[in-house]
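Chemist: this is a predicted model, with the sequence first.
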Amino acid sequence: MSKIQIYANIAIIFSNAAMLATMEVQSMSVAQDKPTDRNISLQVPVPENVDPAVEATLKETAEKVLAILARSGSQESIIASADRLAQAMIGTFQPDAYLVEERMDRLRSIRKMLREGEWLTAAEINAAQENPPAQKSLPASDWKRRGRIFSVNHDGIEYYPRYEFDAAYRPLPIIGDLLKEFAAESDTWKIAAWFHFPNGYLTADTPGGRQVIAPKDALDQRDKLWAAVRSRKGTYVA
């Protein structure tokens, strides 16, 4: 996530948290004009599109700032202060049209992949093994660590695409080979997008004629897959 996106999401969190802070001030008040001196803990709603990798940091930052505001001000001043912080961040770090569109492309593509693909949890892969390890995260987590497969994170849960595995739920060797070309890519949803969407380097005969297909449907076309992976673009296509 870029610095601009982080600031924009913090601004949204401040807006969401302002009302929670006023409610906390009410609960602190022993009398109308005499607040208590206890600590405040705010459960702040986080925007849906926040990357799970930075979610905890964003929430912690918002909670600390709003807690300070709630201790020292009235309900009206808390809302005003939160609004000023949000406006300052949005005004200074307003994403340009390209960044907004790129973010929307990413979200549309993720939803499409989740809807159209078959996804497995580590526990499901574990259960599908002939001799399942006692630890439910195995063997998927070990295969992932070794670069034989990849996963994506959605709502805090790791999912593995079914096409990475053979009929016995063992990693296909071609997946690990292709993943070496993505060694510098930290966003595994981009890797998933490359596998999921049709690629002009790959075709197959269908009842409707010869069609462009996705890498996940062409894992037996090794030579063409190499040409495709080495000519990839780092964008999302929904």
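Modeler: Cool, the structure landed.
Chemist: when you work out contacts or count neighbours from here on, use the C-alpha atoms and nothing else.
Modeler: Will do.
Chemist: for D177, see how far away L138 is.
Modeler: Separation of L138 from D177 (Cα to Cα, to the nearest Å) stands at 21 Å.
Chemist: more neighbours: these two, which one.
Modeler: L138 (18 against 15; other Cα atoms under 10 Å).
Chemist: give me the helices and strands touching the top strand by length along the chain, please.
Modeler: The strand that spans the most residues within the chain, counting by DSSP state E, is strand 199-206. If contacts are counted by 3 or more Cα pairs under 8 Å, 6 or more residues apart in numbering; DSSP states H and E, strand 199-206 sits against strand 209-213, helix 222-229.
Chemist: so what are the sheet partners of it and their directions?
Modeler: Here strand 199-206 is paired, per DSSP bridges, with strand 209-213 (antiparallel).
Chemist: okay, buried residues for the partner strand please.
Modeler: Using 16 or more other Cα atoms under 10 Å as the test for burial, strand 209-213 gives V212, I213.
Chemist: what sits up against it?
Modeler: Identification of contacts with strand 209-213 by Cα atoms under 8 Å, 6 or more residues apart in numbering yields F197, P198, N199, G200, Y201, L202, T203, A204, D205.
Chemist: quick revisit: just send the helices and strands packed on strand 199-206 back as TSV, with distance to L107 and mean pLDDT too.
Modeler: Listed next are the helices and strands packed on strand 199-206 as TSV, based on distance: least, Cα to Cα, whole Å; pLDDT from 0 to 100:
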stretch	distance to L107	mean pLDDT
strand 209-213	22	91
helix 222-229	22	92
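Chemist: can I get these in JSON lines with distance to P173?
Modeler: Listed next are the helices and strands packed on strand 199-206 as JSON lines, based on distance: least, Cα to Cα, whole Å:
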{"stretch": "strand 209-213", "distance to P173": "20"}
{"stretch": "helix 222-229", "distance to P173": "11"}
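Chemist: of all these, which one is nearest R115?
Modeler: Distance to R115, taken as Cα to Cα, is lowest for strand 209-213 among these, at 17.7 Å.
Chemist: export the closest one as PDB, just CAs?
Modeler: What follows is strand 209-213 as a C-alpha-only set of coordinates in PDB (Å, rounded to 0.1, in the frame of the first residue of the first chain):
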ATOM      1  CA  GLY A 209     -13.200 -22.000 -32.000                       C
ATOM      2  CA  ARG A 210      -9.700 -21.200 -30.800                       C
ATOM      3  CA  GLN A 211      -9.800 -19.000 -27.700                       C
ATOM      4  CA  VAL A 212      -7.400 -17.100 -25.600                       C
ATOM      5  CA  ILE A 213      -7.200 -18.800 -22.200                       C
END
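Chemist: residues near L114, how many?
Modeler: With other Cα under 10 Å as criterion, L114 counts 13.
Chemist: so which elements touch the helix or strand harbouring it?
Modeler: Under the criterion of DSSP states H and E, L114 resides in helix 97-116. Helix 97-116 sits against helix 188-196, with contacts defined as 3+ Cα pairs under 8 Å, 6+ apart.
Chemist: between the helix it packs on and helix 97-116, how big is the angle?
Modeler: Angle, helix 188-196 to helix 97-116, by axes from the mean of the first three to the mean of the last three Cα atoms, to 10 degrees: 60 degrees.
Chemist: in helix 188-196, what counts as buried?
Modeler: W189, K190, I191, A192, A193, W194, F195, H196.
Chemist: residues contacting the fourth one?
Modeler: It stands for A192. V152.
Chemist: can you check the pLDDT for it?
Modeler: The score at A192 is 95. That number is its pLDDT.
Chemist: what is the neighbour count of P133?
Modeler: Using other Cα under 10 Å, P133 has 12 other residues around it.
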